[in-house]
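A.B. asks: turn this into a structure:
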Amino acid sequence: MQRSNRRKFLGTAAALAAGTAASAMPLPAAKGKYPLVHHVFFWLKNPGSKEDRDKLVAGVKSLSKIPSVKELRVGVVASTEQRDVVDVSWGVSELMFFEDLAGQEAYQTHPIHVEFIKNCSPLWDKVIVYDAIDV
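C.D. replies: Predicted coordinates:
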């Protein structure tokens, strides 16, 4: 192999190796688009009732119509590995994202949320709320 071709080959190989290594490195996590998280867990009065669970899920999903709710996820207990640190005692969860504290406050008094509480509170026995903001 000629000297100039060998140099080109080695230079190209080095550049490709560096590019491959750089693309494999994780990027720093970006701050969330919606930094305020509102996570609610509901315990059903009738935990064995699929009908009650489905009514509550539908009610929670209706909250997505509130303008300050930027993203909404609704869940039920997953069939993951049972471990001491995993709580499977609840029935339905909602995970909401807000742009700011003002949006979360507006959500609390919004007529759709008030109606949700009126219509769905007879379905639950206990509710726990976890609010968090990106740091």
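
A.B. asks: tell me where the protein has helices.
C.D. replies: For the chain, the helices defined by DSSP state H cover 3-24, 50-62, 101-109, 111-120.

A.B. asks: packing partners of the third one?
C.D. replies: Under the contact definition 3 or more Cβ pairs under 8 Å, 6 or more residues apart in numbering; DSSP states H and E, helix 101-109 sits against strand 36-44, strand 92-98. (Each C-beta comes from the backbone N, C-alpha and C, glycine too.)

A.B. asks: same question for the second one.
C.D. replies: Counting by 3+ Cβ pairs under 8 Å, 6+ apart, the packing neighbours recorded for helix 50-62 are strand 36-44, strand 71-76, strand 92-98, helix 111-120.

A.B. asks: what's the average pLDDT for that helix?
C.D. replies: Throughout helix 50-62, pLDDT has a mean value of 98.

A.B. asks: and it, what's buried?
C.D. replies: Buried residues in helix 50-62, counted by 16 or more other Cβ atoms under 10 Å: 52-53, 55-57, 59-60, 62.

A.B. asks: again with the last one
C.D. replies: By 16+ other Cβ under 10 Å, the buried positions in helix 111-120 come out as 113, 116, 120.

A.B. asks: next: stretch 39-46.
C.D. replies: With burial defined by 16+ other Cβ under 10 Å, the residues of stretch 39-46 counted as buried are 39-42, 44.

A.B. asks: cool, stretch 64-73 as well?
C.D. replies: For stretch 64-73, the neighbour count (16+ other Cβ under 10 Å) marks 66, 68-69, 72 as buried.

A.B. asks: neighbours of Ser89, how many?
C.D. replies: 9 (other Cβ atoms under 10 Å).

A.B. asks: doesn't Trp43 make contact with it?
C.D. replies: Yes: using Cβ atoms under 8 Å, Ser89 makes contact with Trp43 at a distance of 6.7 Å.
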